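In: The following comprises the amino acid sequence and a computationally predicted model.
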Amino acid sequence: QLQLVESGGGLVQPGGSLRLSCAVSGLTSEYIAIGWFRQAPGKEREGVAGISWSDGSPYYTDSVQGRFTISRDSAKGTVHLQMNNLNPEDTGVYYCAAGPWWIAGTLNIHQTTFATWGQGTQVTVSS
């Protein structure tokens with residue numbers, strides 16, 4: 001059974017950095033997409049970055065392009081989200097999720113197609 005566990009959240013000052021991790025277990029096929037989503041209080045959940053597990057191709061939404069970097073370590077079964085130059089608008093609960101490989105680049109359109117979700121990790125950007 002596929003399971004995802006996020007870690008690495010915390011409190012950081014504006015302009016700072018955090019690195020989130022998503023531990024993936026129970027993987028039976030490499031043809032999956034892993035996406036990172038976030039949900040701020042009172043707002044809808046939105047996708048921020050996705051990656052194709054098979055070839056590592058990354059995808060980003062406009063709100064994080066140039067600041068966030070998604071990567072995967074196949075040997076360790078982990079997907080990382082490096083977040084730089086954070087601002088208060090990045091505050092929220094961050095989730096990783098797994099779905100079929102073809103939705104890695106269309107996070108928000110196919111959000112409901114991501115079938116497996118982690119429990120989330122809180123990121124707070126505040127001075």
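Out: Structure received.

In: which strands and helices sit next to the host helix or strand of residue 4?
Out: Assigned by DSSP states H and E, residue 4 belongs to strand 3-7. Judged by 3 or more C-beta pairs under 8 Å, 6 or more residues apart in numbering; DSSP states H and E, the packing partners of strand 3-7 are strand 18-25, strand 92-100, strand 116-117. From N, CA and C alone the C-beta is placed, and that goes for glycine too.

In: Mind putting the ones you listed into a markdown table with mean pLDDT?
Out: Compiled in a markdown table, these are given as follows (pLDDT from 0 to 100):
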| stretch | mean pLDDT |
| --- | --- |
| strand 18-25 | 97 |
| strand 92-100 | 96 |
| strand 116-117 | 96 |
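
In: These: which one's closest to residue 47?
Out: Among the helices and strands packed on strand 3-7, the nearest to residue 47 by C-beta to C-beta is strand 92-100 (8.9 Å).

In: so residue 11, which of the three states?
Out: Of the three states, residue 11 takes strand under DSSP: H, G, I helix; E, B strand; the rest coil.

In: got the contact list for the nearest residue to it once chain neighbours are set aside?
Out: Leaving aside its chain neighbours, residue 11 sits nearest to residue 124 (4.7 Å; criterion: C-beta to C-beta, 6 or more residues apart in numbering). Residue 124 is in contact with 10, 11, 12, 91, counting by C-beta atoms under 8 Å, 6 or more residues apart in numbering.

In: now do residue 17
Out: 82, 83, 84, 85, 86.

In: hmm, try it at 7 Å
Out: Residues near residue 17 by C-beta atoms under 7 Å, 6 or more residues apart in numbering: 83, 84, 86.
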